[in-house]
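Q: Pasted the sequence and its predicted model underneath.
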Amino acid sequence: MNREKVIFAFFIVLALTLNFGFFLGSFDEISHHNVYELFAATIVSMICTVLKFGDRTHIGALMLATSLVADLQLIVAAMIWGYGVQMSAEGMTPELVTSVVSLSGGALLANVVSVVLLMVETIVVRR
Amino acid sequence: MYDVLYLLLRRLRKPLITVIVVYAVAVTGFVLIPGQDDSGQPWRMDFFHAIYFVSFMGSTIGFGEIPYPFTTPQRAWTLVTIYGTVIAWLYGIGSMLALVQEKGFSRILRRRSFAKEVRNFNEPFYLVCGYGVTGTAIIAALCKRGIRSVVVDVDQERIDALQMDDLLIRVPGLCANASLPDVLDDAGLQHSSCIGVLALTNEDNVNLSIAIASKLLQPDRVVVSRTESDVHARNLASFGTNHIIDPFRAYAEYLSLVANSPYMHLVYDWLVNPYHRPISSVYKKASGRWIICGFGRFGRALHDDFTRCGVEMVLLDDNPEVLDGYENTVLGLGTEAETLLKAGVDDAVAVVAGTHNDADNMSIIMTAMEINPKLVTVVRQNLSSNKLVFENSRADFVMEPGSIIANRILAKLKTPLLPVFIEKMQTHDEVWAHTLLNRMSNIAGDNELDSWSVEITEVSAPAVLAMLEQNMTVKLQSLMKNSRDRRHSLLCFPLLHRRGEVLSMLPGELIELQLGDEVLFCGLSSAKGRMEWILKNYNILFYILTGEDPSFNLLSRILKRF
């Protein structure tokens, strides 16, 4: 058992589940989406990215790329949320909620790809 | 090769995750802990304010409790997070600094920049492995000729010395084990501009692996290797190493010329050694009995060559086993007068002190000189640190392996025609050599005699080709005229002319040049530079051929029509 692999698998699946939990619900209904969950998903996704630093395998590079994509989408989503709550005159409008959720959906897709890559890697190693 | 970026990222994993986690915990804490606004109403920080506060608190720039003064639980949490964030940052920055200061990391950085510099070379260069006595001499001579080189040595001190040596051209150096193929690869083994690999380390095995790697990866590349054992020499030759230089064998050949044909020897010396001896120093009385002290690798090489030339000799060694089966032997080192007298030192012509101990060697020649001051003395210097003593020993020949190898290799690198000339010259007699020597002496005097070859091709002699295309004849002597005044000649003369397979020694100066001719010249290096002008500048060659000095620009061509 490779400790590094266990830790990475834990974080990548956690990022996926948190992301999924946040994404679940009506697109424009803010009460369906928990801000804590978005925060947790972002943090876990960033940790996943750092965990893939310095991995020189080809699959490692792909995973780094996908988790960078997830980071990017989640951070932009968080920024839009912050704009809606703090700066926008109308507050958190359904449009803003929709874009936050759809960005997190994009991040969800990237996380799914990460997990698929993880499974591919596991199957290929076969040890 | 390790990539620096990957190494950096890999090392920064833990500190970066620490920073992320600490910040996440701190932000979560501020969001969860209840506060009060200025009117005393309960208030909770949202993520935006929490991230803002933690960001400026973590970097400890200024401080303020925003947007409302904190409650006690908030202050308590702030207290915890201040230490948490500061420690996380210190850890992160500290591990980065530790990485940068680490020896292994800086070695990778140096190697990376070295490999990059070599990769960007766009002119021909030699890859030299080993920067000892030989390497130093060769690099200095290559730099003087404007040829670039790259050095790999296993000893950092020598690489430091390379940086300190005042070389005319920058020579990149790497401290690494040259027997590893990836080191050689970084040093430009597979680079298209690399014209030769010189394996000059003092380890025969390392030289062997350099030669093997080079011949495997680039079979056409010239490989020069030094070796001190016959087994390695045969091994090197078996896979096509171009030049194998054994210092003992090389010096034995050199000495057998002294014993046999002193004038020929001096010609050789002038062509090969940069600091040659004056013509008056010729050893006319070198034929007779030679005393060889020390019968190791050097002694045996000398014995083989002397037997071939029919020189009479007496062999001395303190080990009776090595002398077993040879004639004219005396048991003893030769450091004391008794053994030397037994070997007949009083009517011998020369004594060779060739043991592997420098002190013994000095002792032998001093004792021998006391008995017979007219002796020609040859002394072998094993350690380059003993240079001062040997320089002042008044011995006629000091054999120092490092410089012998350097001279040999340089003669081979200068031009492939020079070894051809030296080989062919030995078929001539002493009178021929004496005449040649006088010509050389007239030209060079006490200065260094240089040699170079000229090839009549589109690239190296465009002016000559342009003349030939206009059906003008260019004679060999035209290349040796002074371009300022064609009545005077440059200080040089031709040694060898090669046209296809036909070689002519000391060619006449009236030979008409053709495309593809090769000529070997000897003379002062200043003449070499002047000749370069004649070969490449149409106007100068036109002046030398016709004595006219017209200008060939567009305006004068138009004016000439009227």
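A: Sure, I can see it.
Q: Could you use CA atoms for every contact and neighbour count after this?
A: OK.
Q: So which bits of the stretch 1-150 of chain B are right by chain A?
A: Applying Cα under 8 Å from any Cα of the partner chain, we find that the stretch 1-150 of chain B lies next to chain A at B:5-10, B:13, B:16-17, B:20-21, B:24, B:47-48.
Q: make it 6 Å
A: By Cα under 6 Å from any Cα of the partner chain, the residues of the stretch 1-150 of chain B that approach chain A are B:6, B:9-10, B:13, B:17, B:48.
Q: how would you label the residue in chain A positioned nearest to chain B: helix, strand or coil?
A: Closest residue of chain A to chain B, Cα to the nearest Cα: A:Gly54 (4.3 Å). Under the three-state scheme (DSSP: H, G, I helix; E, B strand; the rest coil), A:Gly54 adopts coil.
Q: so what pLDDT did it get?
A: A:Gly54 is assigned a pLDDT of 78 by the prediction.
Q: quick revisit: so which of the residues of the stretch 1-150 of chain B next to chain A are in helices?
A: B:6, B:9-10, B:13, B:17, B:48 (DSSP state H).
Q: Now restrict those residues to buried residues only.
A: Burial by neighbour count, 16 or more other Cα atoms under 10 Å in any protein chain shown: within these this picks out B:9-10, B:13, B:17, B:48.
Q: okay, now residue 58: neighbour count?
A: If you meant another chain, say so; for now it's chain A. For A:His58, the number of neighbouring residues by other Cα atoms under 10 Å in any protein chain shown comes to 9.
Q: That was the other one, I meant chain B.
A: Neighbours of B:Gly58 under the rule other Cα under 10 Å: 21.
Q: next one: B:Ala176
A: 19.
Q: B:Val454 contacts B:Val519, doesn't it?
A: Yes - between B:Val454 and B:Val519 there is a contact under Cα atoms under 6 Å: 5.2 Å.
Q: Show me where chain A has its strands.
A: Assigned strands in chain A: none (criterion: DSSP state E).
Q: What residues does it have near chain B?
A: Applying Cα under 6 Å from any Cα, we find that chain A lies next to chain B at A:47, A:50, A:53-54, A:82.
Q: Out of those, which comes closest to B:Arg498?
A: In terms of Cα to Cα, no member of those lies closer to B:Arg498 than A:Gly54, at 59.7 Å.
Q: what is the rounded mean pLDDT of the lengthiest helix in chain A?
A: Ranked by residue count, the top helix of chain A under DSSP H comes out as helix A:94-125. Here helix A:94-125 scores 90 as its mean pLDDT.
Q: Counting neighbours, which bits of it end up buried?
A: Neighbour counts over helix A:94-125 (16+ other Cα under 10 Å) mark A:96-115, A:117-118 as buried.
Q: Mind giving me the packing neighbours of it?
A: Counting by 3 or more Cα pairs under 6 Å, 6 or more residues apart in numbering or on different chains; DSSP states H and E, the packing neighbours recorded for helix A:94-125 are helix A:3-23, helix A:58-82.
Q: Which single residue of the stretch 451-562 of chain B ends up nearest chain A?
A: Across the stretch 451-562 of chain B, the shortest distance to chain A (Cα to the nearest Cα) belongs to B:Val459, at 46.7 Å.
Q: Quick one: residues contacting that residue.
A: Residues near B:Val459 by Cα atoms under 6 Å, 6 or more residues apart in numbering or on different chains: none.
Q: go again using 10 Å as the cut-off
A: Neighbour list for B:Val459: B:465, B:535-536 [criterion: Cα atoms under 10 Å, 6 or more residues apart in numbering or on different chains].
Q: Then A:Ile59?
A: Residues near A:Ile59 by Cα under 10 Å, 6+ apart: A:65, A:114, A:117-118, A:120-121.
Q: one more time with 8 Å, if that's ok
A: A:Ile59 makes contacts with A:117, A:121, as judged by Cα atoms under 8 Å, 6 or more residues apart in numbering or on different chains.
Q: pLDDT wise, what is it at?
A: Looking at A:Ile59, the pLDDT reads 85.
Q: Next, the residue of the stretch 451-562 of chain B closest to chain A: secondary structure please.
A: When classified by three-state DSSP, B:Val459 comes out as coil.
Q: Phi and psi next, for it.
A: Main-chain torsions, B:Val459, degrees, to the nearest 10: phi -80, psi -50.
Q: I'd say B:Arg148 and B:Val171 touch.
A: Yes - counting by Cα atoms under 8 Å, B:Arg148 touches B:Val171, with 7.0 Å between them.
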